[in-house]
Each structure stands twice: as structure tokens, then as C-alpha cells.
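Asker: quick one: sequence plus predicted model below, questions after.
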Amino acid sequence: MLPGGHLLSVLIFFPAVGALALLFLRGDDHKFIRIIALVVSLVEFLFSLFMIPKVPIGAAGYHLEEYFKWINQPPINYHLGVDGISLFLVILTTFLTPISILASWKSIEHRVKEFFVMLLMLEVGVVGVFLSLDLFLFFLFWEVMLIPMAFLIGIWGHERRVYAAVKFVLYTMAGSILMLVGIIWLYNATGTFDLPTIQTLLHTPASQGGLELSQSTEMLLFLAFFVAFAIKVPLFPLHTWLPDAHVEAPTAGSVMLAGVLLKMGTYGMIRFCLPLFPGAARRAAGWVALLAIIGIIYGALVAMVQPNLKKLVAYSSVSHLGFVVLGIFAFHNISMQGAVYQMLAHGISTGALFLLVGMLYDRRHTFEISEYGGLASPMPKLAAFFLFVALSSLGLPMLNGFVGEYLVLLGTYQRHWGWATWATLGVILSACYLLWSYQRVFFGEITREKNRTLPDASAREKWILVTMAIVTIWMGIGSTFITARTAAAAQDVIDQVEPQRAYEAAAPASTTPRGVTPQARRDSASAAAKITPTERLGSR
Amino acid sequence: MTAPLIVFFVLAALAVIGAVSLILQKHPIHSALSLIVVMIALAGLYLLLGAEFVAAVQIIVYGGAIMVLFVFVIMLLNAGIEEHTSVSKMAGPPGLLLVVALAGLIAATIVRSTDSIQSTLQTGEMSSSLGVSKTLGISNMIFKDFVYPFELTSFLILVAVLGATVLAQREKG
Amino acid sequence: MVPTNYYVILSAILFGLGVFAFVFKRNIITIFMSIELMLNAVNLAFVAFSQALGKLDGQVFVLFVIVVAAAEAAVGLGIIILIARNRQTLNVERVDLLKL
Amino acid sequence: MLPSAIDAYRVLPELVWCGFGVLVMLLQPFVPSRQFFTFLALIGTVAGTAASVTAAMHAGPGFGGLVQSDSFSFFFRLLIGMVAFLVVLAAGPYLERERLPFAEFYSLLLFAAAGMGVLASAQELLTAFIGLEMSSISSYVLAGYRRDALKSSESAMKYFLLGSFATAFFLYGIALVYGSSGTTMLAKMSSPDLFHSMLFELGLAMILIGLGFKVAAAPFQVWTPDVYEGAPTPVTALFSAGPKAAAFALLLRIFATVPAATHFWFWAFWVLAALTMFAGNLGALVQTNVKRLLAYSSIAHAGYILVAFAAVTSMAQGEDGSSKAGPAYAAVLFYLLSYALVKLGAFTIVSQLGGAGEKNLSLDDYAGLSQRQPWVAAALSVYLLSLLGLPVTAGFFGKFYIFKAAVNSHLMWLAVLMAINGIIGSYYYLRVIVVMYMRESSAEATALGPVSFPIGVNVVLVITVAGTILFGLYPNPVINFILQPTLLGR
Amino acid sequence: MLEYLWIVPLLPLLGSAVNGLFGGKWPNKIVNSVAIGSTGLSFLCALEAVREFFDSGQVLFHKHFFDWISAGNFTAGFDLQMDQLTVVMVLVVTGVGWLIHIYATGYMAHEGGYYRFFSYLNLFMFFMLILVLAANYVLLFVGWEGVGLSSYLLIGFYFLKKSASDAGKKAFIVNRIGDFGFMLGMFLLFRAFHTLDFQAIFTSSTLQGWPVEMSGNLGTLTFACLLIFMGACGKSAQLPLYVWLPDAMEGPTPVSALIHAATMVTAGVYVVARSHILFMHAPTAMLVVAIVGCATAFFAATIGLVQTDIKKVLAYSTVSQLGYMFLACGVGAFSAGIFHLMTHAFFKALLFLAAGSVIHAMGGEQDMNRMGGLSKKIRWTYRTMLIATLAIAGFPPFAGFFSKDSILLDDFLSEYGRGSHVGYTLYAFGLAAAMLTAFYMFRLIFLTFRGNSRYDEHKVHVHESPWSMLGPLVVLAVLSVVGGWVAAPAYWGGPDYFTDFLAPVFGGHPSVESLGAAAAHNLELTLAFVAVTAAFIGLAVAWWLYLNKPEKADGLAKSLKPVYTTLLNKYYVDELYAKVVVRPLLWISTNVLWKVADVAIIDGAVNGIAHETTALGDGVRHTQSGNTRSYAVWVVVGAIVIIAVIFFWPSGGKPVMEIVQ
């Protein structure tokens, strides 16, 4: 058993070690390299599981913290920690990495070593982002993650890979540099990069030595962070890098991109935008929600008419992530948990979708839907899996997609029924584009002769997909295993955004979860709903 | 209108004329000669300012050594009449405008700040009466206060010599 | 007694003429001369100031400047010879291989 | 007063460098072996650098305040020594390949180093001027060191003409400052009525013009690309790292000691910084010649450093100015260090890949480099990422500290402009990486096979890469050193 | 058993999983034994559970198995419950479902993808059982969506046929539109009650003495009920969301029988009945339900008149019958609605199965114009189908008579207490619909079985179906006869068992409260008489038009051409939807959102910026003319800039000046 004290560091740097080891292997022994990479990632996954018992249910705040001084001028510390939210995001990452390694088992033929090195480095960056509690450290990992991803797209991608890679990097950089300015600004205000410290400082009134930002400052800072995250998510008008990146990226790249990287954006919003700048978050919530809702509907509609299967999935993630953002900015603990859950669910189901699309590509080397059609006859198994995944992604109950979506909408509805109503339209549209594309790809007579002889899922592919399917179902039924652990963290975030509301809601909500009289509940709820923006500001 | 003033204006005029003719002359040799005129005029002004040593050095080193070097090079390369190309657009009318603007700016500033110079002048009047021992003072300064830069200049000359040889020597073999 | 600012203004004029010459002469040697002209202007200013301040270091500076000018002349003329040898021209405008 | 031994100690590095320069020059006719001179030069640079320790131990004003030996000058002497050392290492193979005389090159290099050292330690304008001339004149010669190459001689000419043009301005500035303040000692220019003297103001402006030219601040940057491209690549490496650093050092000195300067120069630096960043990055955006691209990028980086200067000025205003400005100084110094490392490494690679006569300089020659020479490609990528300012490279902290300084002194707009430039910059750096990793190498390149990288060059690469990454992970030592309050001998 | 209620739904799921995963390699025998076995077993388990339920004598059995979703104060448990309503549903679902499984073994014997079919069918059973057993709205929604899924799969069973996969997609999406409402309804309920458990909501103290903003004509409840009803409309194919059901006939006939007649489509009715307490407190919603139901009943019936595809006729009749059920619920006669649901399950399943057997016999022919005179060839099918027809047409003593009768009665009674003539109107339309039903059903019978054959004797060899298919027919036929007697109204002697049985759920019989028993009986008699007469008229007309004077039918069609074609084309509703909704949406998405907004504007802006920057860079590059003189001028420019800035910049270094002075 490894020392629990440094579990997080191990988690972050184990893949790096693996990558380093790979670097010194002979380049031409592909099989060996693949196996090493797979083993490393699997071990990493096991490590990540060790975190679960370390994160007690119902205890907010960070666990397994690691802290020591790194740079003394300015005081930058190596501060790690995990809470309910980051816990599962890390596990998602460590889970998807071996999957994508398996997925690229056959499809990656040239520069194999570099490929897996990059994949592992990517994992390092992402896990680091999720675990770091020091703004600077966070930013560092945030940037580090960029390069491997760019390489994955740019070297092993398809036709316009370079364009996509550069676009991806520039887009992200544009955001992250702004974030850097914001981080420094915060440092100048607080004199530290330590997230918890800054948090407490910002939440204590100036009279008690805390820090109170002026409205405009807070808003600017909020935006500096938010834009960076919004680009990553991607939120509606900043999303155009995503389709290109996805279409050009190799399967593994797409899986990691959709499965994990996008979540970094939403994670950032939860971890930074809300707790650090509650006032600004509240003031911006309306606009953000508007963008999110536009994203939901717009993404779905655009996805519906894509002739390119992978683009379709890409746009569908724009739509799905819209739900997440909406859930976050509804400031309701149900929707917040829904958002977290939706992140994980989307990671699995969209990841699986990309895997399947990749498998089709391996067979036919095209993403054009018109090139397919009637595939159900030659490859019934793939068809079945594809349908299964599609269903999970369109939110069929008992599969993972439903829980998150439902909670988000439910929670949002409690605060802003208008938003929820619009967002729920997405539920219809997702069914439209997924089923329609499914029909065009798998149903009907075979239109292209080539397709008649395509082989069905190989054993390896079957194993990948079965794993995904099992997780999908488990998340669809056993959701409480996860929500129980995210609950405290989510509630914590909410309380920080809307302290006064937390007090009101806490009274009835905490006493009896279910049996409380609706009258009282309704009062608290309506009272919460009635708080005007000015009152909220007044409380700051 | 005291005598020194008259002398000053004569020499100043000479210097300016020399400078202008340096510009107007087509042939480099003429430009060189007009530059020498400027230098001599300046030497005169130094005398007028009571800096005999500097004046001497000006004539000997500048006029004597440096300008001779120039003339020598001009002869060596038998440079002819300067051909009047105007490839550079920047150095056309806009350049003229800008240069004039710059010169104007500098001159204007200096003219506007003459009062400050005046104020320093007064203090100067008294202390500048240590007439003969000026050269002595200079040498003292060079070898005491400014010995470090002085030594450095020696290295500088060394660099120059080395550089000149490196650049100008013919390809061996 | 001549007011110092006359000298300063004269030096400014000479300096300006030097700049003008630098920009508008084509022959490299002449351009170099215009630099010498500018240096002379500086020298004049130095001497004038030193006289005005009643300090001698100004004159010392002039000596240094002259030395530096000499050094520059040596190297500069070396370079000019090099150019002339490589290109058979002294027109600065014809020396524009390096551009964009 | 007569100079004493202590004064000699305080300028020992320069003396050592000059001494070795002379030595090399004198031995040249007698010793046929080329390697010998390389070793001698290496010893010289190292000795000078070591001597700077002695100088630092005898900290204090030298020659009655003409020079100042303090941590500041110590830092720059070390930096210059390192640069010279690495350039010597890199130059050996180059000179071998281009069949150029060794001895002269090295002695000129050493003299240049000495000049820079003077510049970095000078406390008096004329001494500084001499130092400047020493480095400049040797630079002119070095730029034209490939006599028979048209480009080289042209770059020498341009550098020389424009350089001395700027020098004239600098000198005139000194004259005016002298006239208005009655002294050239920086330390004595602190009287408040200088704030009102227009003559002094003009003098400072002229000095700024002169130094602005040396650091290639827009719109004085015009000479940089041409000269950098034309000069022999090791020399280019020297230019981009050495004289620039020295000039910045002098600027910082003036800031630290002349209150009026900080006051007059603030907006000038603001404007220069903005112009320079854009000039450099936009110019580099469309370059296809790697050497030239790096030249433009060095302009851009000068711009970033100028941002820090603007920060210095705006912070140094006020009573406890200099102490408040500490972080900004630190930013400049650290940036110069990280930047010198990177540029040296990058140009060394360029000079090696350039091949005989520096023919292969275009981006296409770098296509598929990662396949032909993975380690070289990796090293170059590290440099580029550092220039780009990505984490775990020294460049990241450099940018970070500058950002910090700028934000600290509420130069929000400048910070934003810098951010924008960062994005523009990332594009062309990435382009090089993309070409190296994501494009297949041309047929003849593959046929040619990997370019040989002699030991000396490899040492340079290892040192620079190691430094870049080390300072990217753990900048503490450097930062602690340059943040000490007594940095500038006060 | 009751404690292990989860076994009831689980068994079909297992069957489905087993068949789905391994059935591919197995012979049909094993497959169908697995399928039938699992359903039959779950039927028995259900029976056992029901028995225990009644033995325990509790009004409501509720069991919490595990927390499924839980966030904040929201918890959706995997809770099952059982009360009388559930009992009816469970038995109908498992029973009829089982019969249809058996039938399908025969019907599908020669189809490919046998295992797929039964896997889907079992899956459907699972979800349907979840739906009816669920103890909270969320779990109900699971079944709700699940049955939608399985119907999607089964309709698209012949996925090689585009029409089939289209129909499946259409069904799912239209259902989704309904679910949109259903979900919002749930959210609203949660907002009001902070729970979604049936019991917690229905027994909620606030239901008595509602504050006005909650109940009342436009209260929260009304909206909640309307939203839920929207879902019901989708699932139960009511106006305007009925369009998917006729297309759903693309699926194999047993599917049509089970899903699109007997069980799934009645889920909407079930939900409304299940939430009757809410509806009771939402008068407006009730009215809407009644009107929509009535309208659908009549509207669909009219379309049914002219359809020639035997299954289409049945489909529209299903829509219309569902309308009846909603009509019943709308007027508060929930027990009547459920009763009709049950009987309808019997005879409509029977009708479909019989039709299936006909199609089977005709070798896949579905067009009634190419049938006729089959009665001799396939006697059993004919007999059973005739019984079913009589039942649906509402002839005593068949099941349909009682259920339809009680609905009409309740419509009529609903007038009391309402000033307006709503009740009478509903009744009138209901009656008309009944007449139309009788007409088109007998039209079907006559066209199919009587008259002379209109098909090519040599090509088609009509043959009676195997007993695996006839067996279920017979059983269902029996049920369609006796099924109604459990609710024989008072004047038939025999108390209304069914209503009393459901009383604990819905409360007593409305008519009894509204007016004295005696009067009630007279009224019932008269209304029954009227209804039967109407049915007879329908029958007579059908006989006259299609047996006696067939040519008249065509004449009529010609003379009423516009009406006829309109009906034939189902009022062009599909075309309308396509024109107004689908095509515009696609067009906008493609040409506005994607091509313009996304590619041109947003991405265009991004790339545009990049391009402009490069152009700028080129400009900067061209200042490097390479000409030293130009460079000199640039230096001059720089000098000017610096001097100008230093001297003339506004506020240049202000602070220091202050410090100095």
C-alpha cells in the first residue's frame, strides 16, 4: 500500500514517470510500448481509486492535502487537495486514459512511442489541474496540458490537423493569458496564490482583515477567469475550435478532449469563478445562463444537420456542456450536483461515442454520414453498442446521461423555471439528432458496396465498449454512490455563492430531507427566489 | 557688440557654411574639405572659449589624423561624384519633413531652455579664471580621476586596429 | 563675453545639419563624415558647458570623444573598404541585400 | 585622488577580459593551433567571470564613483561571462566550418565582453560611453567577420552607420545632461531642480534614444533583423544576448540613481514598449527565415522587457520608490537571464543547421527535423516554448514576473497589450514547432542525413536547456539573489 | 412475493438480456421458451403478489428498495407500490403480454432476428411493469421512457425498410415532445411539494384547502396537470401528438397488438388516473383532458372511416378509443376510464392479433381492397375477430358495451354541477364517435371476410394460422366477452364490482352521488339503449355500403371527393407538421445557424482576425526596406517620438512633480 500522505503527488507524477520510461524504450518495439503504456495507465487508475475511501461522505473541504513551499518570491506553494468534485473528475481521467490507449492500439502505427508519451503527459497535466489548490500551480498544469494535446491533434490527426491544432492552442492561450493576468491581479490583492487562503480572505469583510473587491474589479476578475474557462468548455460563441479539433484529432485525442479536457472548463467555473467572485457570478449568472441555453439549443440544431459524424458528436458536446454550465450558474445545489454528474456522464457517453466513431473510421476512413448507411446488417454488435451509447447520451433513464440532465433541469427549475423550460427543449433535440444520425448510419439497405463486408467489433473493441457500457449502466443506476460524495462539496460552493440563501434554505432542508411540510419549503424557496439582485449585493 | 562676439559669429558662420557645403557638395573629397573647414572653425571657437589644449588636439588629431584618413580612403577607393539615387521612399519628402522636425525640436528646446544655461554661466564666470594651469588640470584629471576610462580608450584603440586589420586585410590564400 | 547658450545653439544647429547630412547623403564616406560632424557638435557643446561651469572635465570628455571618433574612423573606414571591395559601389542605397 | 588596488579589484573582470583579449591577439602570430585559442578564450571568459566574484567581494564604488561594483554588476558580469563562454563554445565549430581566423574573433569577443562589463558597472556616463563604444566597435567588426560574404559586410555597414548615428545622439545627450547638471556622475544627479530643467530633460531623451537603439526598441528596431541576419550566427547569438543586456543594465542604473529619469521616462517607455512588442511580433509573424524570425522575436522580447521598465518607472515614483520597484528590477534581470539562455541555444542550433555558408535557414529546411534529429528538435522546441512563455521553462517565469510587475503598478493596458502579443507570438513559435514535428522532411534533407553536432555545441545545448528547465522549475536562487534590497549598492 | 415485488419486472429484463446477448446463436425454440418463460413466470409472480396484497388487506403496499437518485433535498428511490389500480394494470400487462408472446412465437416463426424481437418484447415488458409499479414520478418516468425506447426498437424492427425506421424515430421523437411536458410537470410538482413520491404528494396536507395560487382554475396544479397531460398525449397518441401511432403499424403485428393497442399507449391514461387527485384539484386541466379526449375520439374515428390498410383502421380506432378513456378521466370517471382501458386491452389486442392472423394468412397483404370472403377459409380468425368487433362496437353483452356505456353515462352526468352544456356536448360527440366506430369496424369485417374475394386465388394460398396463434385469439375472445361483466351496472343486476374494486383509489361511483339511485338506473337504461341504437346504425350503414351495394361506396366517395381525400390523407396533419415544423427547422439549422452563424460569422471572425494580423505583420515587414537611409529616418522618427512623448505627453510623470514641490 502506498503512503496515503503523497497519494495525490503520486497520482500526478506517476504517468510522467511512465512517459519518461517510455522515452528510453526502443522506438520500434510497438507492442511492448503499448503494453507498458497500458500498464502504467491501469496502475494509475488503481491509484486513483485509492482516493475514494479517503474522501469521507458529507465532509466538505479538501482532503489528502499536500502542502510545501515551492517558490518563495512570489510565495508559490505546491498545494494539492481533493474534494468530492475533483475526486471523480480525476477518476474519470484515469479511467479514460487506458481506454484511449486501448482505442489507439491498432490505429496508431507511426511514431508510436511519442504518441503514448504524449497521452501520458496529457494525463499528468489534466490530473494536475484537477488536484492543484494553488492558483499558480493550477495555471501551470493548465498550460502544460496544452502542448501534448496539440501534438496529439497535430501529429496523429487527419487532413487539416495542423490547422486544428494551432487553432486549439491559440484559442486556449487567448483565454489562459487573460486568466494569468487575473491570477496575478488576485495575488497583488491578496499576497498569495493559495486558493483556500484567498477564498477565506475574499469571504471575510474588510473590517476583519478580509478583502472586499469593488464591484467592477470583481467583475473584471470574474471575466478574466470565466473567459478562459468558457473557451475550454466551450460556451456558445467561443466554441468554434471544438468541431475542428475533434474532427481532426485521432480517436484517443477526441476521447480525452471531450471526456476530460472540456470538463476542466466547467471544473474551473465551479472551483474558481463561483467561490472567488460570488457577487460577480450572481450578477453575470443571467447572461451566462443565456449563453448556456443558446449553446444547448444551438449546438443541438447545428449537430442535427452535420454531414460529418464526428462534427455531429462535437456539436452535441457543445449542447451537453451547455447543460453543465446552466446547472452551475443556477446556484441550486441540486442543479450543481447535476452539473457535476453531467460532467462525468458526458465524459463517459461522449467518450464512448467518439470511440465508436473512431472504430467506424478505422474501417472506412471517413466521417461522412452519407458514406455509411445500413451498417446494422454487417456489424450488428457495433450497431447495438452505438445505439446504447446514443441512448445514454440522449438521456434515457437508467443510463448515466439521464441523472445529470434531470438533476440540472430540476434544480434550475426550482430557481428559474424559464431557463429550465428552454433548456428542456434540448432533451427533444438531442433525441432528434442522435436518432436521425443513427438511422442514417445503421438502418436501411446498404448503400455503399464497401460497407457490405465490414467486420464487426473485434475482441479488443468489444472489451472497450463493454467496459464503457458497464460504467454507463452503473452510473445510471448507482448514481448515489457518486452524488453522496459530491453533495457536500456542491453545497459548499452554493453556500459561498449565496450565503444568505444558504441560511434560509438550510433550516428546513437540513432538518428533514423529505417529510417536511411543503408550506415551509415553499416559503423558503419563494423567499430565495424573490431576492432581488440589489438585495444580494447589499449583503456583500 | 564686443570683439569676441564678432569673432564668434564669424567662426559660427564659417562652421555652419562648412556643414552646409558638406551637404551640398557632390564629390566626397569636397565634402571632406568642407568638414575640415568646420573643424578649424570649431578649433577657433575652442580658443575663444579658452580651451587651448582641446583646440590644439582638434586641429592635430581631427584635422590632421582623422580627416587625412578620410581623404586617404577616398583616394584609395577613388570615389567619384556621388550618384543621386532615391530608392528610399522614407528618406524622400517625409524624411525631409521629419529631419527638419527633429532638428527644430532639439533647437527649440535648447532655445527655450537657455535661461537655465544662463544661470550656470554666472557660476562659471568666477571659477574659470585659473587660466594657465588648465592643461595641467586636464592632465591631472586624465591620469587621476579618469584613468579608468583613459585606459579603456587604449583598449578601444586596440580593438579598432584589430578590427581594421581583420576587415581590410586581403584573403590570404 | 559670448553667452554660453550661443555656443549651445550653434552646436544644436551643427548637430541638426549632421542628422540632415546623414539622411540625405548617398555616399557612405560622406555619411560617415556627417557622423563626425555630429560628434564635433557634441564636442562644442561639451567645451561650452565646461567653460560655463568652470569645470575642466568637459574638455577631458572632448578628448575622449576625439579618441573614440578616431577609433570609429579606423573601423568604419575598414568596413567601407570592405563594402567597396565586395560591391564596387559606395552608394548606400545599393547596399540593400538584407531586407524584409 | 590616485586610484588604488581596491579600484582595480572592482573592475577586475573587465581587466581580465581585456587582458586575455590582448593575450590572444598577441599569441595569434605564434601559435598555429586553432583549438589552442578556443581553450584560451574559454579560460579567459571563465577567468573573467571568476574575477567578477572578487569584484563582488570588494563591493563599492571604484575610481571615485566612475564604476560601482555591487550585486547588480555582479549579476550582469556573470551573465555576460556566461554568454561569452557559450558563444566561444558555439563559435569554434562555426569558424572551423566557415574557415575563418580564430584568434581575432576571440579577442574581439573578449573585448566586447569587457565593454559590456564596463557598461553594466559604470556609474558615470562617459565611462559608460567608452564601454558602449568598446562593445559596439567590436560588434561592428564581428558582424562583418565573414568578410567575403556580401550579407555579412552589409550587416556590418548598417550596424556601424546606424550604430554610430545613435551613439552621436547618446553622446549629445550626455553633453546636455552634463551641461544642465554640471556632472556626469549619475549619483550626483539627484537634485530636485533637475525636475524642472528642460535641458536635462532633453539630455535624458537623447540618452534614451541612444540606448533605445542599442536595445532595439521600436522604432529603432529597424536595424535589428538585417544585422542579425547578416552577421555570423554565433555573433548574432552574442548580439541578442550580450549588448542588449548591457544596455538594459545601464538604463536600470540610470533609473535607480537618477530620480528625474524615472519621472521623465515613464510614458516614453510605455510607448516604446507597446510599439516594440507589436513591431517584433507582427514582423516575425510572416517570416520564413528562421534566423530572421528569431531576430524579430528578440525585438518582441525587448518589448516585454520594456514593459517591466515602464513598471519600474511607475513604481519608482514616490519616496520609497526604488524599494517598491524591486520586483520590477527582478523581472528585468530574470527575463534577461532566461532570454539569454534561450536565444544562445536557439541561435547555436540555427548556426549548426545552417550548414556551410549558412544556406539552410528557411523554415522548410526544418521540416521533419523531429524525425532526423529528435534531440535537436526537442531542444529547439524547449527554447521556443520558453520564448512562448509556457510553464516549466524559464521563459514562463520571466513573462510571469513581468506581468506581475505590470499589474503591480496598475499598467493594466500594457499588461493586456502584452497578453495580446503573447498570443500573436505563440502563433509563429508554434509554426516552427509544427514544421519540425508535423511536416515530413524534404527528400534532399533526408538524403543529407543528420547534421553533425560537435561536442562544444552539444555542451552549449545541454547547458542552455538545463538552465531553461531548471529556472523554469526552481527560480528561487536567482530570484532571491536579484531581490536583495542592496542590489544596487544601496 | 410482495416483499420481492422487484422480481416481477426483473424476470422479463433477464429474459431480454439473455436473449439479447446469447439468443443470436440459439435456435428459436430456446429463444421463445426463454421469452415466454420469463413473461409467464412474471405473470405468475404478479398473481401471487396480488393475492398476498389482498390477503394483507392493506389499501396500499409501498416498498423502498434503494435510493436511485439523490441530490440536495431531492430523492428518487427505486420504490414500487401496489394498489388496486396497479393490480389491474399489472395483470393486464403481464397477462395480455404473455398471450401475445405466445402468439408471436407463431407469428414471427419465419422472421429473421427472432431473438432480437423477443429480447425487445421482454424489454418492453420490463419497462411497462416498472411504469405501472413505480411509486414515484421519476421511476414512472423510467418506465415511461423505457417503453418509448422499446416501441422505437420494435417499430423499427424491420430496419431495412426506411419507412419502418422512420416510423420508429417519429414515435420516439413525438414521445419526447410529450416527455418535455411531462418533465416540466415533474419539476413543477417538485417545486410545489419538494418531493415526487406519489404518496407524499397525494396525501400532502396542503391538498385539502389549497391556497388559490395552487389549485383553482389557473393554479400551479392546473399547470402541472396540463404539463403531465402533455406527456400523456404523447404517449397515448392524443391530439395533436397522435401522428406517430398510425405509422407505428410498421412494426410486426404482435407489437401493434401489445404495445400500440393493449398496454403502452394506455400509459397516458394510467398516469392521468394515477394523478387523479391532482387533476381533481385542477378543474381547468380536467376540462382540457375531457375535450382533447373527446375530440381525439371523434377525429380519429372519422379518419378510420376510409382507411384501407387493415392495421391503419385498427390504429385509428385505437387512437379513438384512447380518446374515450381520456374523455372518461376528463369527466372524473377514472374507474370507467380504467375499465375501458382493460376491456380495450382485451378486444383491441384481439383485433390486432386477428388482423395479424389475417395478414399471416394472406402472406403479408394488408390492403383490405385485396381481401374479401375470407370467412370460410380462416374460420377461427373470423369468429374471434367478429367477437372483438362486436365488443368494440359496443353491443351487449360484450365487454366494450359496458365500458363504453359507463363512459358515455358519466359524460352525460358530468353535465350536472356544470351550468354550461359541456357535458352534453361531450356526450354527443362520444355517441357520434361510437356510431362511427361501429361503422368502420364492420366495414373492416365486411371488406375482409365477407363478399367475394378480390385477391388472386392462385398467388395467395390462404391458410389458417397455427394454434400457437389461434390459442391466444380464443382466450382473448373469451375475455372480450366476459371481461365487461365485472362492471355490470346495477340495472343488469350485479353490482358494479369494478368500480367498487377501484373505490379505494378513486372513490365511489359518481352517478350515485349526483342523483338518486332509481333515477340513475332509468337514465342508464335510456342511455344504454341510445348507444346500442347508434351502434346498430353504424353496423347497418356499413352493411348497406359494403355488402349490399358495394358500388354505392365508391359513388359516395366520388360525390364527397374533397371530404373523402381529406380523410384518406388524415387531414394532411403529417404534411402540415413537415411543412411548418420539420423542414423550416432543418433549413434554419443548416443555412442560418451552421453555415452563417457558426462558419461565416463566428469562425469567420476568428479566422478574420488571424488573417488581418498576418496582413498587419506583412505591413510591418515592409518597413524593412533594407535601405540604410530609410532606417536612419526611422531612427529620426524614434527620436521625435521619444522627445515628443517626454515633453508633450499629457500628465507625463505628474506624481513626481507633486512630490518635488
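Answerer: Structure received.

Asker: which strand in chain A has the most residues?
Answerer: For chain A, the longest strand by residue count, based on DSSP state E, is strand A:63-72.

Asker: mind listing what's buried in it?
Answerer: For strand A:63-72, burial by neighbour count (16 or more other CB atoms under 10 Å in any protein chain shown) applies to A:63, A:64, A:66, A:70, A:71. Every C-beta, even on glycine, is put in place using the N, C-alpha and C of the backbone.

Asker: for residue E:531, state which of these is nearest.
Answerer: Nearest to residue E:531 among those: residue A:63, at 71.9 Å, using CB to CB.

Asker: so who does that closest one touch?
Answerer: Shown in contact with residue A:63 (CB atoms under 8 Å, 6 or more residues apart in numbering or on different chains): A:54, A:55, A:56, A:81, A:82, A:83.

Asker: ok, now residue D:252?
Answerer: Contacts of residue D:252 (CB under 8 Å, 6+ apart): D:72, D:312, D:329, D:332, D:488.

Asker: and if you look at residue E:618?
Answerer: Counting by CB under 8 Å, 6+ apart, residue E:618 makes contact with residue D:286.

Asker: check the one 3 residues further on too.
Answerer: Contacts for residue E:621 were tallied using CB under 8 Å, 6+ apart; they are C:100, D:282, D:283, D:286, D:287.

Asker: same question, residue D:85
Answerer: Residues in contact with residue D:85 (CB under 8 Å, 6+ apart) are D:42, D:45, D:46, D:49.

Asker: sec struct for it, please.
Answerer: helix (DSSP: H, G, I helix; E, B strand; the rest coil).

Asker: where does the prediction get shaky in the stretch 101-250 of chain D?
Answerer: Judged by pLDDT under 70, the stretch 101-250 of chain D has no weakly predicted residues.

Asker: tell me the average confidence for the helix or strand hosting residue C:45?
Answerer: Assigned by DSSP states H and E, residue C:45 belongs to helix C:28-53. Averaged across helix C:28-53, the pLDDT comes to 90.

Asker: next, give phi and psi for the closest residue to residue D:60 other than its chain neighbours.
Answerer: Using CB to CB, 6 or more residues apart in numbering or on different chains and skipping the chain neighbours, the partner closest in space to residue D:60 is residue D:69 (6.2 Å). The phi/psi pair for residue D:69 (degrees, to the nearest 10) reads phi -100, psi 110.

Asker: which ones are touching residue D:69?
Answerer: Applying CB under 8 Å, 6+ apart, the residues contacting residue D:69 are D:9, D:10, D:11, D:55, D:56, D:58, D:59, D:60, D:61, D:62, D:121, D:489.

Asker: of these, select the buried ones using a PyMOL command.
Answerer: Buried residues within those, by 16+ other CB under 10 Å, are selected in PyMOL with:
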select buried, chain D and resi 9+10+11+55+56+59+61+62+121+489
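
Asker: related to what we said a few turns ago, now, which of the contacts of residue D:252 sits nearest chain B?
Answerer: Closest to chain B out of the contacts of residue D:252 is residue D:72 (18.2 Å), distances taken as CB to the nearest CB.

Asker: contacting residues around the closest one?
Answerer: By CB under 8 Å, 6+ apart, the contact set of residue D:72 is D:120, D:249, D:252, D:253, D:256, D:487, D:488, D:489.

Asker: cool, residue D:239 as well?
Answerer: D:139, D:143, D:227, D:228, D:231.

Asker: does the first one really touch residue D:246, like I thought?
Answerer: Pointing back at residue D:139 there. No - in this structure residue D:139 lies outside contact range of residue D:246 using CB atoms under 8 Å: 10.7 Å.

Asker: more neighbours: the two, which one.
Answerer: Using other CB atoms under 10 Å in any protein chain shown, the more surrounded residue of residue D:139 and residue D:246 is residue D:246, with 32 against 29.

Asker: does chain C sit close to the helix or strand hosting residue D:114?
Answerer: For residue D:114, the host element (DSSP H and E) is helix D:102-121. No - against chain C, helix D:102-121 shows no contacts by CB under 8 Å from any CB of the partner chain, the least distance being 10.6 Å.

Asker: what residues sit buried inside stretch A:292-307?
Answerer: A:292-293, A:295-306.

Asker: where's that stretch relative to the chain centroid, distance-wise?
Answerer: Relative to its chain's centre, stretch A:292-307 lies at 19 Å (CA atoms, centre = their mean, to the nearest Å).

Asker: what's the average pLDDT for it?
Answerer: pLDDT averaged over stretch A:292-307 gives 91.

Asker: interface residues of chain E facing chain B?
Answerer: With CB under 8 Å from any CB as the criterion, chain E meets chain B at residues E:625, E:627, E:629-630, E:632-634, E:636-637, E:639-640, E:643-644, E:647.

Asker: list just the nearest of the residues you listed to residue E:451.
Answerer: Among these, residue E:625 lies closest to residue E:451 (CB to CB), at 99.8 Å.

Asker: count the neighbours of residue E:7 for me.
Answerer: Counted with other CB under 10 Å, the neighbours of residue E:7 add up to 16.

Asker: gap between it and residue E:123?
Answerer: 17 Å (CB to CB, to the nearest Å).

Asker: try residue E:472
Answerer: Using CB to CB, residue E:472 is found at 20 Å from residue E:123.

Asker: same thing with residue E:259?
Answerer: Residue E:259 sits 11 Å away from residue E:123, going by CB to CB.

Asker: with residue A:252 instead?
Answerer: Taken as CB to CB, the span from residue A:252 to residue E:123 is 33 Å.

Asker: which one of these two has more residues nearby?
Answerer: Legend: neighbour count by other CB under 10 Å for residue A:252 and residue E:123, higher for residue A:252 (29 against 23).

Asker: would you confirm that the more buried one contacts residue A:118?
Answerer: No - counting by CB under 8 Å, residue A:118 is not a contact partner of residue A:252; they are 9.4 Å apart.

Asker: where do the contact lists of these two overlap?
Answerer: With CB under 8 Å, 6+ apart as the test, residue A:252 and residue A:118 both reach residue A:152.

Asker: related to what we said a few turns ago, let me know the closest of the contacts of residue E:621 to chain B.
Answerer: The closest of the contacts of residue E:621, once distances to chain B are taken by CB to the nearest CB, is residue C:100, at 14.3 Å.

Asker: what number of residues are in the vicinity of that closest one?
Answerer: Residues lying near residue C:100 (other CB under 10 Å) number 16.

Asker: over to residue A:455?
Answerer: Neighbour count of residue A:455, defined by other CB under 10 Å: 10.

Asker: which of the helices or strands spans it?
Answerer: Using DSSP H and E, residue A:455 falls within no helix or strand.

Asker: phi, psi of it?
Answerer: Main-chain torsions, residue A:455, degrees, to the nearest 10: phi -80, psi 150.

Asker: residue contacts, it?
Answerer: The contact partners of residue A:455, by CB under 8 Å, 6+ apart, come to A:363, A:378, A:379.

Asker: quick one: pLDDT of it?
Answerer: On the pLDDT scale, residue A:455 is placed at 85.

Asker: could you measure from it over to residue A:100?
Answerer: As judged by CB to CB, residue A:455 and residue A:100 stand 21 Å apart.

Asker: do the same with residue D:424
Answerer: Distance from residue D:424 to residue A:100, by CB to CB: 33 Å.

Asker: on that earlier part again, turn the contacts of residue D:239 into JSON lines, including distance to chain B and secondary structure.
Answerer: As requested, the contacts of residue D:239 are arranged in JSON lines below (distance: CB to the nearest CB, whole Å; DSSP: H, G, I helix; E, B strand; the rest coil):
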{"residue": "D:139", "distance to chain B": "10", "secondary structure": "helix"}
{"residue": "D:143", "distance to chain B": "10", "secondary structure": "helix"}
{"residue": "D:227", "distance to chain B": "15", "secondary structure": "helix"}
{"residue": "D:228", "distance to chain B": "19", "secondary structure": "helix"}
{"residue": "D:231", "distance to chain B": "13", "secondary structure": "coil"}
